[in-house]
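1. sequence and predicted structure, then a few things I'm wondering about:
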2 protein chains.
Amino acid sequence: MTTESGYFTESTSAQVVAARNAKAQDARLQQVMEVITRKLHEAVKEIEPTEEEWFRAIMFLTDTGHMCTDWRQEFILLSDVLGVSMLVDAINNRKPSGASESTVLGPFHVADAPELPMGSDICLDRKGDPMLVHGRILDTEGHPIAGAKIDVWQANDEGFYDVQQKGLQPDFNLRGVFRTGPDGRYHFRGVKPRFYPIPDDGPVGKLLAALGRHPFRPAHLHFIIEAEGHARLVTHIFDPDDPYIHSDAVFGVKESLMADFRPVSDPDALAAAGFSGPYYDTEFDFVLVRA
Amino acid sequence: MTTESGYFTESTSAQVVAARNAKAQDARLQQVMEVITRKLHEAVKEIEPTEEEWFRAIMFLTDTGHMCTDWRQEFILLSDVLGVSMLVDAINNRKPSGASESTVLGPFHVADAPELPMGSDICLDRKGDPMLVHGRILDTEGHPIAGAKIDVWQANDEGFYDVQQKGLQPDFNLRGVFRTGPDGRYHFRGVKPRFYPIPDDGPVGKLLAALGRHPFRPAHLHFIIEAEGHARLVTHIFDPDDPYIHSDAVFGVKESLMADFRPVSDPDALAAAGFSGPYYDTEFDFVLVRA
C-alpha cells in the first residue's frame, strides 16, 4: 500500500515499488532501479515461482556471494555465462563497419606487465607449440598507427594464466606490452593457445552442469590496444579450429576475431623466421576507431 | 556464436544464450533460465549500463552475499524491499473474495513456540501497553472452525523479536500457539505493537538510503492459521494509525488486514475484561479457504 500509487497487487506491484523511490538521491539510480524492478516483476509473473523455488533462487545468490573472494569473482562468472558481460561489452563498444570488434576483458589481465622489445618471446615456461603472432595496427582509413601500445596475455599450454598458478609459472609468463614504430607493425612469440574451462567448482559451474553446458572457452589470445587519439580496444583473437569455437561458455566469440593459426614446418621458412623447429604463424591486423 | 542460433549480437543475445541451455536436465529449470535471461537482457538493453555501472552492480551483489550468515539473510531483505517477496506471496496465495488475505512470513517465525491455554498472556517482558486480541476462525460460509491452530508472534515494545535479543528477552517472549474450541473463537493477551526497522546496516540499508526510503515496517502481529481441510494462512494484522502504514518497507500491508486497536479505559470495561489498567482491544476474524 502506498499513498502515491494505491495498493500493492499482482497487477500494480512494479509501479508501487518504483513510486516508493521518488526521493532517490540520484536520477540515474532511480531510473536503473525502476527498470530492474519492472523487469524482475515481469520475470516473476511469467515464471510464477513456488515459494520453494523462490527460496532456491535466494540460496543460489547467497552461495554465489559466499564463493566470491579477492581472487574469485563468482558474480562476474554468472554475468559471463548468462551473456550479460558480452551484452554490456557490445553496448559500450559499438564500432563502425571495418573497425576491429571488442570482446570481454576477462578476469586475468594485470596492469603491470613488462614493456618488451618488439619480437620478444613471452612464453617463459617453454611449454607447448611455439607461435609467431604479427600484424599491423591501423586506423579506419588503412593507415598504420605509430606508437600504439599492445598489451597481450594468454593462458599457458596447460590452460592456466600465470596469476592462477603463482609460484608454478614464471612471473609474467605469457604477458607483454609492445609499442609500434612508424610502420604500425607488431610481432612477438608466444605459444599456440588451448581451450580451458572457466572456474567450475562453484555455484555457477553447478548451474552450467544442470543446464547441460560445458565450461570451456575456445583457444584465444587477449589484447588491449591503445593509441593516442583512438578508442581503446579490448579484444581477443580466436582459433577457428578449436572444438569449442561455436560454444564459448561466455559468448565471447565473434566471426571477425577469427585468426588463422597456420602450421609452418618448411626448413627454409623456419630458418627465415629464426625458429629451430615447427611453429604456428598467426597474422592479424587490428583497426582502431578515432576517439 | 553458436551453431543453433547464429551469432551473439545486441539483438540476438537472449536467444543465443537460451539456445545454449537446450540440454538442461530439467524442463522447469530450462524455462526459468530462459525467462531470467530474456528479462535480464531486456533490462540491460533498456539501462545501457556503463562498464563501471555494471561493475558496481556486481559489487552490490557480492557485498549482499557477504552479508548473509546463518542469522542474517540479506538477499531475502533485497527481495523484500524490491517487492519480490510480496509478489511471490500474492502469486502463491490467490484467495477467493471474502477469504482472509496472506502477507509475508518474515524471518522471525520459530517452529517450536509453546502451545498455551486460550486467554494466556504472551507478553513475558511486561513492557509496553497491554492488548487483548480476540476473534473467530471461520470458513468462507461463515461457520466457526473448531480445532484451528493459531500461531502468533510479535515484536516487543522496543521493536525487537525475542530471537533478535536472545538473553535480553525471556525465551518465547510474545509467541504462542492456541487452538480453537467448537465456537471457533480465540483470545490472548499481548502488547500493542510498534513500528520497527528492517536490518539496515548492510548493502540493502544503504540502497534504501540512496533511494530516499526509510527502513520501517508499520506495527503488526504475525499469524499462521492452520485447520484440517483448509489452506494454511500466513498473514499479519496491522495498526491503521501507524505513521508508516502507507509505506511499509517490504510492501506487506493490505487494506483487508487493518485491525482496530481500540483503547479501553472505562473502569467497568477494565473490570469485565480482567485488566487492572488501560489496555487496547483488538478484534479480528480470520476466514480460511477450503483446501
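-> On my side now, so go ahead. Since this is a predicted model, take the numbers as computed values, not measurements. Residues are numbered from 1 along each chain as shown, chains lettered A, B, ... in the order given.
2. ramachandran angles for whatever residue of the stretch 151-291 of chain A ends up closest to chain B?
-> Closest residue of the stretch 151-291 of chain A to chain B, Cβ to the nearest Cβ: residue A:212 (2.9 Å). Just so you know, the C-beta spots here come from the backbone N, C-alpha and C atoms, and that holds for glycine as well. Residue A:212 adopts backbone torsions of phi 70, psi 30, taken as degrees, to the nearest 10.
3. wait, it sits on residue B:22?
-> Yes. Counting by Cβ atoms under 8 Å, residue A:212 does reach residue B:22; the two are 7.3 Å apart.
4. show me which residues of the stretch 151-291 of chain A sit near chain B.
-> Neighbours of chain B within the stretch 151-291 of chain A, by Cβ under 8 Å from any Cβ of the partner chain: A:210, A:211, A:212, A:213, A:245, A:246, A:247, A:248, A:251, A:253, A:254, A:255.
5. residue contacts, the fourth one?
-> In other words, residue A:213. A:81, A:247, A:249, B:20, B:21, B:23 (Cβ atoms under 8 Å, 6 or more residues apart in numbering or on different chains).
6. if we can go back for a sec, next up, the contacts around the residue nearest to the residue of the stretch 151-291 of chain A closest to chain B when sequence neighbours are not counted.
-> Nearest residue to residue A:212 in three dimensions, chain neighbours excluded: residue B:23, at 2.9 Å (Cβ to Cβ, 6 or more residues apart in numbering or on different chains). By Cβ under 8 Å, 6+ apart, the contact set of residue B:23 is A:211, A:212, A:213.
7. list the buried residues in stretch A:167-185.
-> A:169, A:172, A:173, A:174, A:175, A:176, A:177, A:178, A:179, A:180, A:184 (16 or more other Cβ atoms under 10 Å in any protein chain shown).
8. now tabulate these in CSV and tack on pLDDT and distance to residue B:77.
-> Converted to CSV, the buried residues of stretch A:167-185 look like this (pLDDT from 0 to 100; distance: Cβ to Cβ, whole Å):
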residue, pLDDT, distance to residue B:77
A:169, 96, 42
A:172, 96, 44
A:173, 97, 44
A:174, 98, 44
A:175, 98, 42
A:176, 97, 47
A:177, 98, 45
A:178, 98, 49
A:179, 98, 51
A:180, 98, 52
A:184, 98, 54
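9. return the closest of the residues you listed with respect to residue A:143.
-> residue A:184 (7.7 Å; Cβ to Cβ).
10. what sits against the closest one?
-> Counted by Cβ under 8 Å, 6+ apart, residue A:184 has contacts A:136, A:137, A:138, A:143, A:144, A:145, A:146, A:148.
11. could you redo the last one with a cut-off of 6 Å?
-> Taking Cβ atoms under 6 Å, 6 or more residues apart in numbering or on different chains, we find residue A:184 in contact with A:136, A:137, A:144, A:145.
12. what about residue A:33, distance to chain B?
-> In this view, residue A:33 and chain B are 6 Å apart by Cβ to the nearest Cβ, to the nearest Å.
13. coming back round to it: so what's the residue count around the residue of the stretch 151-291 of chain A closest to chain B?
-> By the criterion of other Cβ atoms under 10 Å in any protein chain shown, residue A:212 has 15 neighbours.
14. likewise the one 4 residues further on?
-> For residue A:216, the count of nearby residues is 20 (other Cβ under 10 Å).
15. excluding chain neighbours, what is closest to it?
-> In space, and not counting its chain neighbours, residue A:216 is closest to residue A:244: 4.5 Å by Cβ to Cβ, 6+ apart.
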